[in-house]
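> My questions concern the predicted model and sequence given below.
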Amino acid sequence: MDSARREALVEHLVLREGFSHADIRWSYQPLLRGRGWDNEMWEVGQLDPGAARCGGARLVLRVPHREMGEQLLRGEVRALAQLDAHRPDLPLARPVVVGSGGMQRGGRRPYALLTWVEGDLVSAIVAAELREGGLRAGPRRESAAGPRRESAAGPRRESAAGPMRERPEAARLAIELARALADLHRPAPEDYPRSAVRGVALRERTDALQGEILALDASAPHLASVVREIWQQGLDAAPYSGDPLLLHGDPHPANLIRTDGPHPLGLIDWGDTTAGDPASDLGWLLLLDPSGSALSAYARARGGRDADGEARARAWAVRCATAMLVHEADPADTAHADLALCARAALEAFASPW
């Protein structure tokens with residue numbers, strides 16, 4: 001994005017109540033801060049320190065680069081506004097929508113001006129611990145299917161699961177996420193955005209998973225076997241029958257920020273937010289902490305264990321991990337390699353629980 005394109009977007013930008021164009025200090029040249037599956041994030045300026053809201057915050061333009069991203073961004077802007085209204089006390093740092101454009105369908109492409117959540121990507125933190133642990137992991141093991149081959153996650157020595165005591169920060173952050181999700185998971189407003197692929201019954205995702213398992217069979221058959229087993233256990237568990245709960249939808253480690261602010265965790269990218277079965281969110285806990293300790297922390301915060309819900313969460317975990325391993329990332333998505341490493345480690349841990 002060059003400054004001319006930024007100016008064209010700014011021209012149609014509608015600011016939310018409490019923000020003023022006079023408080024925005026635009027940078028000379030937009031800076032690409034990240035590119036995910038659906039959107040690009042361009043740093044474009046900063047709010048004046050004396051602004052009435054979010055004074056001093058850096059600002060990013062969130063711009064879709066594929067059609068699916070347009071739908072997700074519209075849902076994200078709506079959801080963040082509802083969170084501000086209904087859950088202002090949520091113990092998570094999250095982006096604030098400063099303004100948006102193109103939100104009406106059938107018009108120009110949507111985009112949003114958001115505050116930047118300061119901190120460190122949890123995916124990078126966990127991947128660093130995994131790589132360090134991999135140096136002490138010992139020789140690779142052979143499976144009944146023969147020697148293990150490499151997957152999209154990279155060399156086997158980097159993907160060893162290792163005991164959680166070798167990943168203290170991952171374990172700590174998983175507990176923080178568990179507590180935050182326990183607070184987030186309340187009955188959702190009736191008009192809250194709904195996703196067709198998050199928070200739904202497991203059987204609705206079986207067909208998608210089957211193709212991914214076949215791809216995993218070619219690179220890591222011992223892990224494909226674990227995925228099949230855990231997915232079936234999730235299908236055999238009682239389905240979710242409670243109220244549709246408010247979910248983030250995609251709380252993977254690259255959407256988590258370790259912050260120095262009043263909340264230890266930030267959660268970004270609310271494009272997949274939805275209402276439904278909380279197990280969909282809880283599966284991501286297991287990528288941080290495959291031992292299940294974080295799931296136990298969530299259960300304590302919610303008032304008791306739900307064995308069926310935990311079985312569904314493990315099924316969601318293997319489904320998400322498999323997707324991370326078998327789908328190629330956009331070359332500009334620098335976080336994907338770390339996510340694939342987290343995914344491989346979680347599946348290895350499920351295959352060889354400590």
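That came through fine. Numbers count the residues shown, from 1 in each chain.

> switch to C-alpha atoms for all contacts and neighbour counts from now on
OK.

> what sits up against stretch 103-112?
Contacts with stretch 103-112, where a contact means Cα atoms under 8 Å, 6 or more residues apart in numbering, come from 61-64, 70, 73-74, 77, 97-102.

> end to end, how far does it reach?
9 Å (Cα to Cα, to the nearest Å).

> could you give the mean pLDDT of it?
The pLDDT scores in stretch 103-112 average 78.

> Buried residues, it. List them.
103, 109, 110, 111, 112 (16 or more other Cα atoms under 10 Å).

> Need the max-distance pair from those.
109 and 112 (10.4 Å; Cα to Cα).

> Filter the contacts of stretch 103-112 down to the ones in strands?
61, 62, 63, 64, 97, 98, 99, 100, 101 (DSSP state E).

> Show me what the third one is bridged to.
Residue 63 forms beta bridges with residue 40, as assigned by DSSP bridges.

> Give me the secondary structure label for residue 37.
Look at residue 37: counting by DSSP: H, G, I helix; E, B strand; the rest coil, its state is coil.

> For it, report the pLDDT, please.
At residue 37, pLDDT is 72.

> how many neighbours does it have?
Residue 37 is flanked by 15 other residues according to other Cα atoms under 10 Å.

> Which residues are in contact with the residue lying closest to residue 65 once chain neighbours are set aside?
Among residues not flanking residue 65 along the chain, residue 39 sits closest, at 5.4 Å (Cα to Cα, 6 or more residues apart in numbering). Contacts for residue 39 (Cα under 8 Å, 6+ apart) come out as 62, 63, 64, 65, 66, 69.

> Quick check: the second one touching residue 41?
Yes. In this structure, residue 63 sits in contact with residue 41. The criterion is Cα atoms under 8 Å, and the distance is 6.6 Å.

> nearest to residue 276, of the buried residues of stretch 103-112?
Looking across these and measuring by Cα to Cα, the closest to residue 276 is residue 103, at 24.7 Å.

> Could you check which helix or strand contains the nearest residue to residue 76 once chain neighbours are set aside?
Spatial nearest neighbour of residue 76, excluding adjacent residues (Cα to Cα, 6+ apart): residue 271 at 4.4 Å. For residue 271, there is no enclosing helix or strand under DSSP states H and E.

> Also residue 233?
helix 221-236.
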